[in-house]
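Enquirer: Pasted the sequence and its predicted model underneath.
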Amino acid sequence: MENNAVLEMRGICKYFPGVRALENVDFTLREGEIHALMGENGAGKSTLIKVLTGVYSKDGGDIRLAGVPVHIRSPQDAQNMGISTVYQEITLCPNLTVAENMYIGRTKGPLTNWKKMNTDAAKLLDSLSIPAKATQQLGSCSIAVQQMVAIARAVDSDCKVLILDEPTSSLDEQEVKKLFSLMLSLKEKGVGIIFVTHFLEQVYEVCDRITVLRDGKLVGEYIIEDLPRVQLVSKMLGKEFDDMAEIKSEEDAAHIEYDGIPVYEAEKLTGTTGIAPFDFEIHKGEVNGFTGLLGSGRSECVRAIFGADRVAGGTVKVNGKKVKINKPLDAMKNGISYLPEDRKRDGIVGDLSVRDNIILALQVMKGFFRPFSRSQAEAFADEYIKLLSIKTASSDTPIKSLSGGNQQKVILARWLLANPVYLILDEPTRGIDIGTKVEIQKLVLKLAAEGKSVTFISSELDEMIRTCSRLVVMRDGKVVGELKGSDLNQNTIMATIAGGES
């Protein structure tokens with residue numbers, strides 16, 4: 001057993017059909033430590049947490065608590081062993097009091113001693129400096145205080161390992177400070193805390209160590225002082241900082257100037273998803289992009305542009321004219337199309353045919369009371385199936401039976417058929433084969449050459465650099481830089497994401 005280790009996970013493996021979600025992953029949590037678990041989307045963070053909490057059974061490896069081997073078969077097992085989890089989405093009951101939420105399911109016998117429960121809850125709240133009364137309704141508390149109550153419930157059940165899964169994503173700066181104060185208080189009491197977050201600033205503010213996962217494998221464990229932010233970014237993305245940048249020719253690196261009025265222009269635009277107000281513009285024939293780590297706010301920005309998330313403020317102009325875009329239909333009527341990040345949830349309509357998925361956007365704009373004829377719909381579908389080389393038995397085939405890459409092509413066909421002047425593509429190449437990736441990248445550049453404006457988002461920096469002439473860099477919900485010309489290289493992008501470190 002490692003000195004002072006409250007939790008040791010060694011050689012953890014987890015397999016799903018066709019996928020190695022975790023491969024020989026080690027993780028150590030020490031008593032009285034705040035330990036960040038970091039990695040991009042698909043790195044294996046959630047799977048590791050679910051193995052630890054008994055949601056998934058491991059396919060290999062060992063888990064020890066305070067040096068003793070354990071077998072965690074269910075979340076209740078984990079709870080009984082002193083492993084508690086507080087998730088981003090609060091799972092308490094807002095219609096009950098704070099005390100009731102802290103002790104629900106834990107009182108013994110048929111009768112509840114309400115006076116004792118309220119007294120015990122008040123003492124615990126006071127000991128943890130949580131600004132709430134035991135008898136007040138939980139729903140009347142701020143989100144931050146509700147998170148703290150969830151943590152208090154976990155701590156009161158003799159918690160030795162506390163897992164905080166993205167607890168700060170919906171909190172403002174003052175609320176985050178209150179939560180950190182509670183975390184530091186628990187640290188002093190000897191609780192080991194696993195902190196899962198995508199906010200770099202917060203990691204360096206409150207954590208002692210960092211474990212980085214990538215593609216289901218352990219990259220390494222680091223003492224916080226030994227890992228500068230820019231190196232953390234490079235390890236998460238799998239890039240070596242010093243020699244990973246592609247050398248562009250002088251012609252490629254030349255500053256491209258776009259003349260005339262922007263096709264789309266936003267000033268102080270913000271949604272209701274926690275992003276700071278931002279300015280943005282794109283010109284005819286330009287391919288630009290938003291970049292940053294997962295959760296940086298890049299998708300939230302384009303969703304605000306398209307009206308997919310409720311717009312809270314700012315002004316928007318299309319071709320120099322002020323317009324209101326409060327919902328997707330407003331954007332579509334102004335010539336803006338959007339391929340969403342999550343194609344299964346927000347893109348495809350699984351039970352509809354390939355043909356019906358392709359004509360969907362155009363039909364919405366025309367109105368469902370004026371449906372296309374079968375021959376018109378067939379002609380549209382056949383044209384784009386051929387144009388994008390969509391592999392399908394026929395246009396009648398349900399889209400859910402297609403491969404991920406071909407589903408992506410169908411959604412792309414949907415928006416191309418709508419003939420937009422401005423096309424937003426959020427992770428259009430995620431989870432598809434390399435051949436289809438190259439096809440989509442070439443199509444983006446072809447569309448720009450034909451005069452369309454394209455905003456392109458990808459988690460792969462190489463892809464962004466190959467495709468975009470300008471990048472807006474996001475960190476922790478804010479725009480922190482804009483890069484173009486000779487600055488459009490991986491070193492500069494990563495340094496900007498990390499906070500200007502060189």
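Expert: On my side now, so go ahead. Numbering: from 1, shown residues only.
Enquirer: Which parts of the stretch 201-350 of the chain are strands?
Expert: Assigned by DSSP state E, counting those that start in this stretch, the stretch 201-350 of the chain shows strands spanning 209-214, 217-223, 264-271, 278-282, 287-291, 311-318, 321-323, 336-339.
Enquirer: and the fifth one, what does it pack onto?
Expert: For strand 287-291, the elements it packs on are helix 298-306, helix 434-449, strand 453-457, helix 461-467, strand 470-475, judged by 3 or more CB pairs under 8 Å, 6 or more residues apart in numbering; DSSP states H and E. In short, each C-beta sits where N, CA and C put it, glycine included.
Enquirer: chain center to the third one: distance?
Expert: I take that to be strand 453-457. Centroid separation for strand 453-457 versus its chain: 19 Å, with CA atoms, centre = their mean, to the nearest Å.
Enquirer: which secondary structure elements does that strand contact?
Expert: Contact here means 3+ CB pairs under 8 Å, 6+ apart; on that basis strand 453-457 packs against strand 287-291, helix 298-306, strand 422-426, helix 434-449, helix 461-467.
Enquirer: which one of the ones you listed lies closest to residue 499?
Expert: Closest approach to residue 499 among the helices and strands packed on strand 453-457 is made by strand 287-291 (14.5 Å; CB to CB).
Enquirer: which residues touch the closest one?
Expert: With CB atoms under 8 Å, 6 or more residues apart in numbering as the test, strand 287-291 has contacts from 282, 298-299, 301-302, 444-445, 448, 453-458, 461, 464, 467-474, 493, 497.
Enquirer: Apply 7 Å and report the result again.
Expert: For strand 287-291, the external contacting residues (CB atoms under 7 Å, 6 or more residues apart in numbering) are 282, 298, 301-302, 444-445, 448, 454-457, 464, 467-474, 493.
Enquirer: pLDDT weak spots in the stretch 51-200 of the chain?
Expert: For the stretch 51-200 of the chain, the stretches flagged by pLDDT under 70 are 88-89, 106-112, 157, 169-170, 172.
Enquirer: rewinding a little: rank the helices and strands packed on strand 453-457 by mean pLDDT and give me the bottom one.
Expert: Lowest mean pLDDT within these: helix 434-449, a mean of 80.
Enquirer: Can you redo the strands of the stretch 201-350 of the chain as JSON lines, where the extra columns are distance to residue 423?
Expert: Below are the strands of the stretch 201-350 of the chain laid out as JSON lines (distance: least, CB to CB, whole Å):
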{"stretch": "strand 209-214", "distance to residue 423": "31"}
{"stretch": "strand 217-223", "distance to residue 423": "35"}
{"stretch": "strand 264-271", "distance to residue 423": "11"}
{"stretch": "strand 278-282", "distance to residue 423": "10"}
{"stretch": "strand 287-291", "distance to residue 423": "10"}
{"stretch": "strand 311-318", "distance to residue 423": "14"}
{"stretch": "strand 321-323", "distance to residue 423": "17"}
{"stretch": "strand 336-339", "distance to residue 423": "5"}
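Enquirer: Which one of those lies nearest to residue 154?
Expert: Going by CB to CB, the one of the strands of the stretch 201-350 of the chain nearest residue 154 is strand 209-214, 21.0 Å.
Enquirer: Could you list the paired strands of that closest one along with their orientation?
Expert: Here strand 209-214 has these sheet partners by DSSP bridges: strand 34-38 (parallel), strand 217-223 (antiparallel).
Enquirer: and of the ones you listed, who's closest to residue 124?
Expert: strand 34-38 (20.6 Å).
Enquirer: buried set for the closest one?
Expert: 34-38 (16 or more other CB atoms under 10 Å).
Enquirer: For the spatially most central residue of the chain, report the pLDDT, please.
Expert: Nearest residue to the geometric centre of the chain (CA atoms, centre = their mean): residue 295, 4.0 Å. With respect to pLDDT, residue 295 scores 77.
Enquirer: What's the local residue count around the closest residue to it other than its chain neighbours?
Expert: In space, residue 295 comes closest to residue 198 once its chain neighbours are excluded; the distance is 3.2 Å by CB to CB, 6 or more residues apart in numbering. The tally of other residues near residue 198 (other CB atoms under 10 Å) stands at 23.
Enquirer: from what I can see, residue 479 looks like it's in a helix, true?
Expert: No - counting by DSSP: H, G, I helix; E, B strand; the rest coil, residue 479 is not part of a helix but strand.
Enquirer: Mind listing the residues bridging to the residue nearest to it when sequence neighbours are not counted?
Expert: Among residues not flanking residue 479 along the chain, residue 278 sits closest, at 4.7 Å (CB to CB, 6+ apart). On the basis of DSSP bridges, residue 278 is bridged to residue 269.
Enquirer: what's residue 278 in contact with, if anything?
Expert: 269, 301, 479.
Enquirer: just residue 327 next, same as before
Expert: Per CB under 7 Å, 6+ apart, neighbours of residue 327: residue 307.
Enquirer: what's it sitting at in phi/psi?
Expert: The phi/psi pair for residue 327 (degrees, to the nearest 10) reads phi -150, psi 160.
Enquirer: Tabulate the helices and strands packed on strand 287-291 (TSV), appending distance to residue 158 and mean neighbour count.
Expert: Supplementary listing: these in TSV, determined by distance: least, CB to CB, whole Å; neighbours: other CB atoms under 10 Å:
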stretch	distance to residue 158	mean neighbour count
helix 298-306	39	25
helix 434-449	50	16
strand 453-457	44	26
helix 461-467	45	19
strand 470-475	38	24
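Enquirer: Just give the number of residues close to residue 339.
Expert: 24.
Enquirer: Name the nearest residue to it, sequence neighbours excluded.
Expert: That would be residue 425: by CB to CB, 6+ apart, it lies 4.8 Å from residue 339.
Enquirer: just checking, the one you found touches residue 452?
Expert: No - the criterion here is CB atoms under 7 Å, and residue 425 misses it with residue 452 at 11.2 Å.
Enquirer: before we move on, the earlier item: would you check how far apart the residue nearest to the centre of the chain and residue 152 are?
Expert: Per CB to CB, to the nearest Å, residue 295 is found 26 Å from residue 152.
Enquirer: still on that earlier bit, could you pull up the residues touching the residue nearest to residue 339?
Expert: Residue 425 touches 339, 444, 454-457, counting by CB under 7 Å, 6+ apart.
Enquirer: One more: residue 150?
Expert: Contacts of residue 150 (CB under 7 Å, 6+ apart): 86, 90, 92.
Enquirer: circling back to that earlier point, and the residue nearest to residue 479, how far from residue 309?
Expert: 13 Å.
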